[in-house]
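> pasting the structure only:
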């Protein structure tokens, strides 16, 4: 990477081979966030991507996860992110909508796409198949019939039954909306086997799962189910849920998850199956930050130019605390100890509030910028243009983010 503060308006993602060289992704690139702010002089927030961090986590999952890695595109579908993960070895992509299928198929034509949303429109099923998708999830007999009706002559389908599991060990429970019950799983697997080339099961232990043993318990339940029904599978998808660190939410090392899953696959007779995993947050969260500016300070309440309708949704509704760090607007050295602050977003909506607490220097003031970390996942992805407030800039920098775990088992502070 260049030592200059700005390497031009076009920066090409590095290519690991000669494939897909037509899929060039350009982003402005800077040596530091501070220099980027000086050059851009933005009025809105700025999204930052850290290429080396994205590459690091992609390599860790590809090399150490005991199966094939499907990137959950919903976490961050930015073309730069998709291309960077491809260059780092990710070849499978978990898509949930026709737009995601079309985007990834165009950008990465050699990628293998898995339509893992268990409820799809008929048009999505047919068009996805036309674009090369052969892997589809389902969790109900009506969805299975829908796939069969739309693709009556398909002899190459791989179907994945979404199984409902308890997710009490996760910060975000995914129970209730999707997933077949254990009572219905047997008949659904048998019905799928009647016309599909291969049949597997997929489950999700919940987003930001804090207990590695949740995967072992899930695989044990699956083995009991199959034994009781006298069934076998072609594949097992252990889903996502792999966590990252947030203040007050310190996650176990990723290596523990990989080891638990590997051992459980062996112990419950799945070692010879095709094994899949769907990391999203853990692949990209620490590879992105958002820079927000303080527009006003009122006591220990900071009014920002981004909020819950922008990149900070998770700081509002579920009240997650994100790692934060100050970039002073006037270049001064901060004084005093850290204090607890809450945030208000820029819109006119009173629910645009982030309780925190977020720990920042006591002398933070209007015009200062704040780096909010771990927003490479579900940050810019969920941002709206409500009230005319939205980020127009996404950049890459040489710097490291505020905090990232780096090599498994370590913590690196940027």
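Received, thanks. Keep in mind the model is a prediction, meaning the values are calculated, not measured. Numbering: from 1, shown residues only.

> and the end-to-end length of stretch 29-48?
10 Å (C-alpha to C-alpha, to the nearest Å).

> with stretch 313-333 instead?
End-to-end distance for stretch 313-333: 30 Å, by C-alpha to C-alpha.

> off-centre distance for that stretch?
20 Å (C-alpha atoms, centre = their mean, to the nearest Å).

> for it, which positions count as buried?
Within stretch 313-333, the residues that qualify as buried are 313-316, 320-328, counting by 16 or more other C-beta atoms under 10 Å. C-betas here are computed from N, CA, C, even on glycine.

> same question for stretch 252-269.
So, applying 16+ other C-beta under 10 Å, buried residues of stretch 252-269: 252, 254, 257, 258, 260, 261, 262, 264, 265, 268.

> a markdown table for the residues you listed, including distance to residue 358, secondary structure and pLDDT?
Below are those laid out as a markdown table (distance: C-beta to C-beta, whole Å; DSSP: H, G, I helix; E, B strand; the rest coil; pLDDT from 0 to 100):
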| residue | distance to residue 358 | secondary structure | pLDDT |
| --- | --- | --- | --- |
| 252 | 24 | coil | 92 |
| 254 | 25 | helix | 93 |
| 257 | 28 | helix | 96 |
| 258 | 32 | helix | 97 |
| 260 | 33 | helix | 97 |
| 261 | 34 | helix | 97 |
| 262 | 37 | helix | 97 |
| 264 | 38 | helix | 97 |
| 265 | 40 | helix | 97 |
| 268 | 43 | coil | 97 |
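
> mean confidence score for the longest helix seen in the chain?
Looking across the chain with DSSP state H, the single longest helix is helix 213-229. For helix 213-229, mean pLDDT rounds to 95.

> what do you get for stretch 84-102?
On average, stretch 84-102 scores 97.

> how long is it end to end?
18 Å.

> what residues sit buried inside it?
Applying 16+ other C-beta under 10 Å to stretch 84-102 flags 84-88, 90, 92-98, 100-101 as buried.

> for the nearest residue to residue 64 once chain neighbours are set aside, what are its contacts?
Among residues not flanking residue 64 along the chain, residue 258 sits closest, at 5.2 Å (C-beta to C-beta, 6 or more residues apart in numbering). Contacts for residue 258 (C-beta atoms under 8 Å, 6 or more residues apart in numbering) come out as 64, 65, 66.

> my read is that the last one contacts residue 263, right?
Spelled out, it's residue 66. No. Using C-beta atoms under 8 Å, residue 66 is not in contact with residue 263; the gap is 9.0 Å.

> let me know the closest of the buried residues of stretch 252-269 to residue 342.
For the buried residues of stretch 252-269, the minimum distance to residue 342 (C-beta to C-beta) is 29.0 Å, reached by residue 252.

> hang on, the earlier thing: farthest pair in the buried residues of stretch 84-102?
88 and 98 (26.3 Å).

> circling back: and of the buried residues of stretch 252-269, the nearest to residue 383?
Using C-beta to C-beta, those come closest to residue 383 at residue 254, 27.0 Å.

> residue 396 belongs to a helix?
No. Residue 396 sits outside any helix when classified using DSSP: H, G, I helix; E, B strand; the rest coil, being strand.

> fine by me, thanks again.
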